[in-house]
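Trainee: Test case, fold it:
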Amino acid sequence: MELGSQERPLRVAVVGSGPSGFYAIGALFKSDLECTTDLFDRLPTPFGLVRGGVAPDHQKIKNVIRVYNKTAAHENFRFFGNVMIGCDLSVDDLLRHYDCVIYASGNESDRAMGIEGEDLDGVYSATEFVGWYNGHPDFQDRDFALDQATSVAVVGNGNVAMDVVRILAQDPHGELAASDITDEALQALRTSTVREITILGRRGPAQAAFSPKEIKEVGSLEGADLVIDGAEVDLDELSATWLENEAAPSAKKNVEYLKETSTQGTGEAERKIHCKFLVSPVAVLGGDGKMTGVRIERNELYADDSGTPRPRGTGDTYDLDVDLLFKAVGYRGVPIEGVPFHERWGIFPNDEGRLLESQDGEVVPNQYVVGWAKRGPSGLIGTNGPDSQATVAKLIEDVQSRRADADPEKDPERIVALLQERGVDFVTFADWERLDAEEIRLGEEKGKVREKFTTVESMMEAINRLRG
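Mentor: Sure, this is the predicted structure:
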């Protein structure tokens, strides 16, 4: 029988229920192939970073979930939450019960700065902080001691860094109080004594990673002033030429806004946010296991072979006294047992989405990669749509005109039976919808968007109760 026909539908497993996983399934359903898809996630809840990464003061971004709900409503879609691949099910299990496997597991860890003192108490990743205030089960045991700190450094000035700055600096009695932030995080922010936040960017103002919208959000926070020294935004000749001839319009808008802000002085708000450019941490300072500051090296820009400005250290350093440091220098993937992994890049090695044995190795048949697990942590949520479609196009190219016998192992009920035999209490999409409704109900009682369950145990307890 032809694989992908009504007589022999293509069976696809997708590992990871974030945006890239849903976009991959959506692309499969829009293809000419007849296919059934099962979506696996180690957590009982779907949607990945849309639930656990998008800041609580950015609720509109979460509306993209409506698109994923439409995909989940397809008759050939199933969700298996609370199932860890490599533990509850092996990769061999998936390959036995499915024709193809797509890894959409994202980047669940963080990149290290690789500097002395990085392991001192008081140094945290943005991944931890974001997961903590968003109710991600992995990070609910963290204590950032915000009530014992007055000065904080944030390393990096991309999207995630801006989220960290906004959450630390804004009034916790305002918009945040009605969001889906956890009660524990909201209370910690209300007792926070943080008054100075310094953003450390290794490149110049023209090459800053934040968007005009993001830096303007920081600059318009009530109760906080964005303070920029005019000398920080004086462009060197290389940057000025690059900005005029090659930079994106967003870079020009950033520089214009930064220069305008630099003329407004220090302001009168209680909290201050300082933007520093062309600086890199080279050591975290401290003693007795606790950080007390960070040593910073000043950078300069040089033109690479393509003429693009790149930063390099000058050897000139100074020390900055801070109580806490949040590193927002990028996410990285986490290996899955049985799947090739590029340790240095933190991704699954692949050729345009086809999994490889190693970065320069042979293609691994019937296994594919999408999203951050494929390309690393780049782009916005919507970037994953075209990315997933491109991988699915390769998958379709590979299976077109393939013949396949009827295989009892590919029966959709076999994977259900296997999970039940192993005692795995898996979560269906209907289970999630019950939990979703319960979170919304609990939130309404508190005047919030939703009140999240923040541990797997509490999620499963509620799900089992709501199943009736």
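Trainee: What's the end-to-end length of stretch 303-316?
Mentor: Stretch 303-316 has its terminal residues 20 Å apart, counting by CA to CA, to the nearest Å.
Trainee: Show me what the helix or strand hosting T127 is packed up against.
Mentor: Per DSSP states H and E: T127 is located in helix 126-133. Helix 126-133 is packed against strand 109-110, helix 159-169, helix 183-190, strand 324-327, with contacts defined by 3 or more CB pairs under 8 Å, 6 or more residues apart in numbering; DSSP states H and E. C-beta here means a position set from N, CA and C on the backbone, and glycine is covered the same way.
Trainee: Looking at the ones you listed, which is nearest to F210?
Mentor: Nearest to F210 among these is helix 159-169; the distance by CB to CB comes to 5.3 Å.
Trainee: Tell me how far the closest one lies from the chain's centre.
Mentor: Centroid separation for helix 159-169 versus its chain: 14 Å, with CA atoms, centre = their mean, to the nearest Å.
Trainee: quick one: buried residues of stretch 381-392?
Mentor: Neighbour counts over stretch 381-392 (16 or more other CB atoms under 10 Å) mark 381, 383-385, 387-389, 391-392 as buried.
Trainee: which pair in those spans the largest distance?
Mentor: Across these, no pair lies farther apart than I381 and V392, at 17.6 Å, counting by CB to CB.
Trainee: returning to what we had before: mean pLDDT lowest where, among the helices and strands packed on helix 126-133?
Mentor: Per-stretch mean pLDDT for these is lowest at strand 109-110 (a mean of 87).
Trainee: neighbouring contacts of it?
Mentor: With contact meaning CB atoms under 8 Å, 6 or more residues apart in numbering, strand 109-110 is reached by 125-128, 327, 329-334, 346.
Trainee: Now the buried members of the residues you listed.
Mentor: 125-128, 327, 329-333, 346.
Trainee: so of the helices and strands packed on helix 126-133, which one's packed in deepest?
Mentor: strand 324-327 (a mean of 26; mean count of other CB atoms under 10 Å).
Trainee: what's the following helix or strand after that strand?
Mentor: Using DSSP H and E, the next helix or strand after strand 324-327 towards the C-terminus is strand 331-332.
Trainee: what about that following strand, distance to the chain center?
Mentor: Counting by CA atoms, centre = their mean, strand 331-332 comes out at 8 Å from the chain centroid.
Trainee: following that strand, which helix or strand shows up next?
Mentor: strand 350-351.
Trainee: Tell me which strands that following strand pairs with, and in which orientation.
Mentor: If you go by DSSP bridges, strand 350-351 pairs up with strand 354-356 (antiparallel).
Trainee: Quick one: mean pLDDT for whichever helix or strand comes after the partner strand?
Mentor: Toward the C-terminal end, the helix or strand that comes next after strand 354-356 (DSSP H and E) is strand 363-369. For strand 363-369, mean pLDDT rounds to 97.
Trainee: which secondary structure elements does strand 363-369 contact?
Mentor: Packing partners of strand 363-369 (3+ CB pairs under 8 Å, 6+ apart): strand 100-103, strand 350-351, strand 354-356, helix 384-399.
Trainee: Can you list the buried residues in that strand?
Mentor: Buried residues in strand 363-369 (16+ other CB under 10 Å): 364, 366-369.
Trainee: Name the surrounding residues that touch that strand.
Mentor: Contacts for strand 363-369 (CB under 8 Å, 6+ apart): 95, 99-104, 339-340, 347-348, 350-351, 353-357, 391-392, 394-395, 398.
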